[in-house]
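Participant: predicted model and sequence below, questions to follow.
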Amino acid sequence: MENDNHTKIKRSTLDNLKFVFRYIWKWDKSLLYICGFNSIFIAVAPFIWILAPKFLIDELMGIKRVDILIKILLVTLLISAVTKYFIAYLAGAYRMKMSNIRFKFIDVIHEKAMEMDYKHTEDPDVLNAIRIAWRTVSNPHRGIGGILQKIFTILGSLAGFLGYIAIILTLNPLILLYLVVNVIIIYFINLKVNEYEKSQEGKRTEYFRKSVYVSSTMSDFQYGKDIRVYSMKDLLLRKKEYFDKIRTDISEDIESKRYRSDVIDAVLLLLREGIVYGYLIHRVVTGSLTIGNFTMYVATIGGFALWMGNLMKDIAFVKTNCKYVGDLRDFLDIKDEEKVKEPLKVPIQKPYEIEFKNVSFKYPNSDNYIFKNLSLKIKPGQKLAIVGVNGAGKTSLVKLLTRLYSPIEGEIYLNGININQFDQKEYYRLFSIVFQEIKMFAFNVTENIALKDKNINHERVKESARKAGIKEKVDSLEKGFSTSILKVIDEHGIELSGGENQKLALARALYKSGEIVVLDEPTAALDPIAEHNIYLSFNELIENRTAIYISHRLSSTRFCDVIAFMEEGEIKEYGTHDELMEKDGKYASMFNIQSQYYKEENMSKEAAGYGI
Ligand SMILES: Nc1ncnc2c1ncn2[C@@H]1O[C@H](COP(=O)(O)OP(=O)(O)OP(=O)(O)O)[C@@H](O)[C@H]1O
């Protein structure tokens, strides 16, 4: 997780706490008040049953006044009941508010995940970082939720500290010293175990993420066909088992370390109890301690040791969990590529001219250049077809144009201005794109076309669907344009065919009505009639916009003004269909191979009496 844009910064516990509290203060101050009051009650609660027995026993061993005994008992019960009530009430209020705070932190993570540079989304380190960040806020008892709980318990405990010390000092300062040393040893043992657990978190999260991926694949409808037809059940189960085994091994290792620390804890406790009880009994036997005081000291020392042990564990917990907060901050601090300080307005004069000038590019974490010194100009309103074999770099070109990735060298210009100069969001608005892998959302048809849920122009949605050739199908559905796609959110949702999805994606691009149209294999899944109709209305769809059309069906490129034939990241041939055919180069050869196939097919159909 330590590349140029994603570095781990060492942050102090205090700094991480400040980060958490700054957000909570911004979102819901009342949570801090609740925690503050809670810590006061937590501080008071243990002393009620430390002091009350002393007064009761002293009275019982002395004058035995019934009215006084009843008063002590009633006051004690009342204070105890009130304290318990408030602790329970505040705990409930805390849980509710803390959930909201955690949801807000989760939103912060999601926002970052959706806004960061696209290139980060394929980086496994970043994917792990998202998971770790998510774990920091998703569990109410760990990460931020746990820190907040503990920090106020710690404050409450510190307030009670003075009470315990005052009582124990009246017995013997050495006892206090002994107890403190005892507990500090426990603190360091705990801290070591927690830090070990933290050090394993990266690996544990990595395998958790892998296991979750396989789990979700196993129950994902989209993979269901392959899983069944290729009998993939065992393969997937084995993979999941392998990932889970590594996770479990890490957890077992941590648990065994925790177990050892608990054993040391128990031995120290036994020693402590033996020594302290022995000393107290000795004092009673020699007559220097009353039974009332004996009871009070036993309760105080037991309470103090327990309290201080918990306090130390809580501090160790906060210290370790603040490191998780550090992970969350590392994720939020992942740097995007530097943007221009004062972005330019996207020019309004259209249609747009696009120019790639000496562009070189390779994907992050890869040494292979996809393009070297690529230059290409698309004139205003021109329709460019890009063709070429698989992996030639056609889609990569679109990713660069849309600023999903940036060139390593060279520039891309829009109307003569470097596209990096524009505000990214405004620049995105220019594009109507149909990507090669079509993704539908589990929302209704209208939302899938408009890609928003407010201020939708329903007429335009229908018109776009009509032009894309999907309106008839949608109208035939019981709920028409309100029908949900996929069944993830709505059990009555529908599953569209590959071609129908492609038409819907086309309708989406038409609805957006961006000034630059990019169609990456838009008809690959369409039946010949639908494809033919799209070709017929191609000019109507695109109007006079600048357009890039990527296709393997070379016949479709005739609708474009100019064709670029790509191979190994280079434009090997460039010209109109007729020019390239005349050149008799690779394009012509590819075109002839395809048309030969059609011709042969037609001939055999003719021979079979189809008479086409
Ligand atoms: N995210 C990525 N990381 C690393 N390499 C990638 C990535 N995406 C694509 N590539 C590689 O870049 C090369 C060009 O891919 P691209 O998708 O641009 O090809 P294409 O011409 O559109 O292919 P096709 O006709 O199959 O769609 C391929 O070799 C591919 O493996």
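Facilitator: Looks like it arrived, so ask away.

Participant: ok, longest helix in this structure?
Facilitator: helix 233-285 (DSSP state H).

Participant: determine the next helix or strand in the C-terminal direction from that helix.
Facilitator: Moving toward the C-terminus from helix 233-285, the next helix or strand (DSSP states H and E) is helix 291-332.

Participant: just checking, what packs against that next one?
Facilitator: helix 13-27, helix 29-61, helix 66-115, helix 124-138, helix 143-169, helix 173-218, helix 233-285 (3 or more Cβ pairs under 8 Å, 6 or more residues apart in numbering; DSSP states H and E). The C-beta positions use only the backbone N, C-alpha and C, and glycine is treated the same way.

Participant: adding mean neighbour count, mean pLDDT and distance to residue 557, write those out as JSON lines.
Facilitator: Below are the helices and strands packed on helix 291-332 laid out as JSON lines (neighbours: other Cβ atoms under 10 Å; pLDDT from 0 to 100; distance: least, Cβ to Cβ, whole Å):
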{"stretch": "helix 13-27", "mean neighbour count": "15", "mean pLDDT": "93", "distance to residue 557": "54"}
{"stretch": "helix 29-61", "mean neighbour count": "17", "mean pLDDT": "82", "distance to residue 557": "62"}
{"stretch": "helix 66-115", "mean neighbour count": "14", "mean pLDDT": "89", "distance to residue 557": "35"}
{"stretch": "helix 124-138", "mean neighbour count": "21", "mean pLDDT": "84", "distance to residue 557": "38"}
{"stretch": "helix 143-169", "mean neighbour count": "19", "mean pLDDT": "80", "distance to residue 557": "54"}
{"stretch": "helix 173-218", "mean neighbour count": "16", "mean pLDDT": "84", "distance to residue 557": "37"}
{"stretch": "helix 233-285", "mean neighbour count": "14", "mean pLDDT": "88", "distance to residue 557": "40"}
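
Participant: which residues does the residue nearest to residue 42 when sequence neighbours are not counted contact?
Facilitator: In this structure, residue 42 finds its nearest non-sequential neighbour in residue 156, 3.4 Å apart by Cβ to Cβ, 6 or more residues apart in numbering. Contacts for residue 156 (Cβ atoms under 8 Å, 6 or more residues apart in numbering) come out as 38-43.

Participant: residue contacts, the closest residue to the ligand within the stretch 1-150 of the chain?
Facilitator: Closest approach between the stretch 1-150 of the chain and the ligand, counting by Cβ to the nearest ligand atom: residue 122, at 5.3 Å. By Cβ under 8 Å, 6+ apart, the residues touching residue 122 are residue 364.

Participant: for residue 74, see how far away it is.
Facilitator: 69 Å (Cβ to Cβ, to the nearest Å).

Participant: likewise residue 332?
Facilitator: Using Cβ to Cβ, residue 332 is found at 54 Å from residue 74.

Participant: one step back: what would the contacts of residue 156 look like in CSV with distance to the ligand?
Facilitator: Below are the contacts of residue 156 laid out as CSV (distance: Cβ to the nearest ligand atom, whole Å):
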residue, distance to the ligand
38, 50
39, 51
40, 56
41, 56
42, 53
43, 56
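
Participant: one step back: nearest to residue 478, of the helices and strands packed on helix 291-332?
Facilitator: Among the helices and strands packed on helix 291-332, helix 173-218 comes nearest to residue 478, with 30.0 Å by Cβ to Cβ.

Participant: next up, the contacts around the residue nearest to residue 79 when sequence neighbours are not counted.
Facilitator: If the residues on either side of it in the chain are set aside, residue 79 comes closest to residue 48, at 5.5 Å by Cβ to Cβ, 6+ apart. Contacts for residue 48 were tallied using Cβ under 8 Å, 6+ apart; they are 76, 79-80, 83.

Participant: same check, this time on residue 496
Facilitator: Contacts of residue 496 by Cβ under 8 Å, 6+ apart are 440, 485, 504.

Participant: list the contacts of the first one.
Facilitator: Going back to what we said before, that points to residue 440. By Cβ under 8 Å, 6+ apart, the neighbours of residue 440 are 448, 485-486, 496, 501, 504-505.

Participant: do that again at 6 Å, thanks
Facilitator: 448, 485, 501 (Cβ atoms under 6 Å, 6 or more residues apart in numbering).

Participant: isn't the last one up against residue 435?
Facilitator: No. In this structure, residue 501 is not within contact of residue 435 by Cβ atoms under 6 Å, at 11.5 Å.

Participant: neighbours around the residue of the stretch 401-550 of the chain at minimum distance from the ligand, how many?
Facilitator: At 5.7 Å from the ligand, residue 436 is the closest residue in the stretch 401-550 of the chain, using Cβ to the nearest ligand atom. Residue 436 has 13 neighbouring residues, counting by other Cβ atoms under 10 Å.

Participant: so how far is residue 363 from the closest residue to it other than its chain neighbours?
Facilitator: Distance criterion Cβ to Cβ, 6+ apart; nearest residue to residue 436, sequence neighbours excluded, is residue 520 at 4.4 Å. Using Cβ to Cβ, residue 520 is found at 17 Å from residue 363.

Participant: which of those two has more residues huddled nearby?
Facilitator: More neighbours surround residue 520 than the other of residue 520 and residue 363, with 21 against 14 (other Cβ under 10 Å).

Participant: give the contact list for the more buried one.
Facilitator: Residue 520 touches 395, 435-436, 550, counting by Cβ under 6 Å, 6+ apart.

Participant: and those residues, which of them are buried?
Facilitator: 395, 435, 550 (16 or more other Cβ atoms under 10 Å).

Participant: the last one touches residue 394, doesn't it?
Facilitator: This means residue 550. Yes. Contact criterion Cβ under 6 Å: residue 550 and residue 394 qualify, at 4.7 Å.

Participant: hey, what's in contact with both of the two?
Facilitator: residue 386.
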